[in-house]
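> give the three-dimensional model of this entry:
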Amino acid sequence: MRNATLVLWVAGFLVALSSFGAETGASFTLAVKLDGAYNKGFTVCTLIRPSEPFTVEWIQGNLKSSISGVLRQPEGDLYPLTLTVNQGFTDEVRNSTTSEHKLKLGTGERFGSVLSPVHVENEEILLTNGSCPNKTQQQTR
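You can find the predicted model right below:
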């Protein structure tokens, strides 16, 4: 688990470095907490920009997971997000779900994704300005 977390932080750092040369626009931190059979209590945190697709992948043993999506320009104080969660084995995706969200900065959103008839992934999404949040900073609606 520590290796997977380290890989995610390194990947997030590299994404952040590569984006400094990109267009100057608002950037946000997206934290996605997965709580299911494959990724119990696992949080992915990455830097994202509106209208730029993102993908974060990680491997634990023979299980491969990823989140991907795109944050769109705000509609008032809400940020539309399309989010896809993929999970499976290193050689094939077994479960995939795509969902639409309207996120308010600093306010977490909980939802459940049905990945198969017997598997539900509980997820929490938090969009913020700045660095990845710690548990005491999170508010969930």
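
> confidence-wise, which helix or strand of this protein is lowest on average?
One helix or strand of the chain scores below all others by mean pLDDT, DSSP states H and E: helix 2-19, with a mean of 48.

> give me the residues contacting the helix or strand following that one.
Proceeding N to C from helix 2-19, the next assigned helix or strand is strand 28-35, under DSSP states H and E. For strand 28-35, contacts defined as Cβ atoms under 8 Å, 6 or more residues apart in numbering pick out 41-50, 54, 65, 67, 71, 79, 81, 83, 85, 105, 121-133. Backbone N, C-alpha and C define where each C-beta goes, glycine included.

> so where's this structure uncertain?
In the predicted model, the chain carries pLDDT under 70 at residues 1-25, 38, 113-121, 133-141.

> now with 50, please.
6-8, 10-11, 13-24, 117-118, 136-141 (pLDDT under 50).

> one step back: which of the contacts of strand 28-35 fall in strands?
Those of the contacts of strand 28-35 mapping onto strands are 42-48, 54, 65, 67, 71, 79, 81, 83, 85, 121-128, per DSSP state E.

> and those, which are buried?
42-48, 54, 65, 67, 71, 79, 81, 83, 85, 121, 123-128 (16 or more other Cβ atoms under 10 Å).

> and the residue lying closest to Asn122 once chain neighbours are set aside, how far from Ser99?
Nearest residue to Asn122, sequence neighbours excluded (Cβ to Cβ, 6 or more residues apart in numbering): Asp35, at 4.4 Å. Distance of Asp35 to Ser99, given as Cβ to Cβ, to the nearest Å: 15 Å.

> and for Asp77?
The gap separating Asp77 from Ser99 is 20 Å, by Cβ to Cβ.

> who has more neighbours, those two?
The residue with more neighbours, out of Asp77 and Ser99, is Ser99; 15 against 10, by other Cβ atoms under 10 Å.
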